[in-house]
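J.: the following block contains a protein sequence and its predicted model.
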Amino acid sequence: MTDIGFIGLGNMGGPMARNLVKAGHSVKGFDLAPEAIAAAKENGIATVDNAAEAAMGVEVVISMLPAGQHVRAVYTGANGVVGLARKGTLLIDCSTIDVASARAVEAAAGEAGLDMLDGPVSGGVAGAEAGTLTFMVGGSDAAFARGKPLFEVMGRTIVHAGGPGNGQAAKVCNNMILGITMIGISEAFSLAENLGLDQQKLFDISSKASGSCWAMLNHLPVPGIVEASAANRDYKPGFAAAMMHKDLKLSQEAAAQAGVATPMGAEAAALYTMFVNAGNGGLDYSAIIKLIQGR
């Protein structure tokens, strides 16, 4: 059994912490939202009054927070985790944030003599609840070896992507591919419809031909063809457009910092910005087809 402090018990963090409790670990947690705290208590998580208290007297601290500024504040701000955690504590941040913030926080942890990993996830709320998340992990080999047993409780696929910040790098690169791909699928199926080609026929062909891809096979934005598609549920999200928008913006921040041209990524970010700013952030990311079709 491991004593764990968990900071951020929302839609993702709450189920992740619950799975750790189910596996026999002792978890105390904190969240700013009263409803998240209430749910945590029902699931056997001992709740505390602030992030600092969650970080003290434990072997591992795990966080799931909205953005880089929140991670910096929690770990390196006043009464931050880095300054309060006892020597030997392993820090794991599972938030999806900018690469620069991840590396800055991990550097601060290293200077304080603490191991830290960045471990953003893929799989959404359903994956968090089922314990089937994919973790993309950045950090040292030694830190990864310490964290892997906990990742295996919360997820199904755990990949060590390399040194500090590489988990975040993998996440933004992967989701840039996904966002660009969904726009391409939306354009192709919209074109097919306007050319008089039955969309089922296009799927039957492309899914077995060079146009086949994971997003088409699992998240086709056209209803009635792929059972798992959000298009069959009025685009109720599995992965919300607002989250795709966030990840695409992070990809462009990373590209600018690295001096790398990503014109397709930039265009995808611009299209999702338009879509989300029009009030569609709560729809599934595949609903971008509405923008492509002028709906």
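T.: Received, thanks.

J.: what is the least confident helix or strand in the chain?
T.: Sorting the helices and strands of the chain by mean pLDDT, DSSP states H and E puts helix 124-130 at the bottom, at a mean of 91.

J.: now do the buried residues in that one.
T.: Residues of helix 124-130 classed as buried: 124, 125, 127, 128, 129 (neighbour count, 16 or more other C-beta atoms under 10 Å). C-beta here means a position set from N, CA and C on the backbone, and glycine is covered the same way.

J.: may I have it as CSV, with CA atoms only?
T.: Backbone C-alpha positions of helix 124-130 (Å, rounded to 0.1, in the frame of the first residue of the first chain) are rendered in CSV as follows:
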residue,chain,number,x,y,z
GLY,A,124,-11.1,10.6,-21.6
VAL,A,125,-13.5,10.3,-18.6
ALA,A,126,-14.5,6.8,-19.7
GLY,A,127,-10.9,5.7,-19.6
ALA,A,128,-10.4,7.2,-16.3
GLU,A,129,-13.4,5.5,-14.8
ALA,A,130,-12.5,2.1,-16.3
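
J.: now do the helices in the stretch 51-200 of the chain.
T.: Counting by DSSP state H, counting those that start in this stretch, the stretch 51-200 of the chain has helices at residues 51-55, 68-76, 81-84, 99-111, 124-130, 141-154, 166-194, 199-206.

J.: among those, which is the most enclosed?
T.: helix 51-55 (a mean of 23; mean count of other C-beta atoms under 10 Å).

J.: for that one, name the packing helices and strands.
T.: With contacts taken as 3 or more C-beta pairs under 8 Å, 6 or more residues apart in numbering; DSSP states H and E, helix 51-55 sits against strand 3-7, strand 26-30, helix 81-84.

J.: now do the shortest one: everything it contacts.
T.: Think helix 81-84. When contacts are defined by C-beta atoms under 8 Å, 6 or more residues apart in numbering, helix 81-84 is touched by residues 7, 51-52, 55-56, 61, 63, 74-76, 91, 105, 108-109, 112, 114.

J.: so how far is it off the chain centroid?
T.: 24 Å (C-alpha atoms, centre = their mean, to the nearest Å).

J.: could I get the average pLDDT for that helix?
T.: What helix 81-84 shows for mean pLDDT is 96.

J.: could you dump stretch 252-272 to PDB, C-alpha only?
T.: Only the C-alpha atoms of stretch 252-272 are listed here, as PDB (Å, rounded to 0.1, in the frame of the first residue of the first chain):
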ATOM      1  CA  GLN A 252       1.300  25.700 -31.500                       C
ATOM      2  CA  GLU A 253       2.900  27.200 -28.400                       C
ATOM      3  CA  ALA A 254       5.400  24.300 -28.500                       C
ATOM      4  CA  ALA A 255       6.000  24.700 -32.300                       C
ATOM      5  CA  ALA A 256       6.700  28.400 -31.800                       C
ATOM      6  CA  GLN A 257       9.100  27.700 -29.000                       C
ATOM      7  CA  ALA A 258      10.900  25.000 -31.000                       C
ATOM      8  CA  GLY A 259      11.000  27.100 -34.200                       C
ATOM      9  CA  VAL A 260       9.100  24.500 -36.100                       C
ATOM     10  CA  ALA A 261       6.600  25.200 -38.900                       C
ATOM     11  CA  THR A 262       3.300  23.400 -38.500                       C
ATOM     12  CA  PRO A 263       1.000  24.900 -41.000                       C
ATOM     13  CA  MET A 264      -1.600  22.200 -40.800                       C
ATOM     14  CA  GLY A 265      -1.600  22.300 -37.100                       C
ATOM     15  CA  ALA A 266      -2.000  26.000 -37.100                       C
ATOM     16  CA  GLU A 267      -5.000  25.800 -39.500                       C
ATOM     17  CA  ALA A 268      -6.500  23.100 -37.300                       C
ATOM     18  CA  ALA A 269      -6.100  25.300 -34.200                       C
ATOM     19  CA  ALA A 270      -7.700  28.200 -36.100                       C
ATOM     20  CA  LEU A 271     -10.700  26.100 -37.100                       C
ATOM     21  CA  TYR A 272     -11.300  24.800 -33.600                       C
END
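
J.: what's in contact with it?
T.: Outside stretch 252-272, the residues touching it (C-beta under 8 Å, 6+ apart) are 98-100, 169, 172, 176, 179-180, 183, 241, 244-245, 248-249, 251, 285, 288, 291.

J.: residues of it that come out buried?
T.: Applying a neighbour-count criterion of 16+ other C-beta under 10 Å, one finds 252, 253, 254, 255, 262, 265, 266, 268, 269, 271, 272 buried in stretch 252-272.

J.: A strand includes the first one, no?
T.: Think residue 252. No: read with DSSP: H, G, I helix; E, B strand; the rest coil, residue 252 is helix and lies in no strand.
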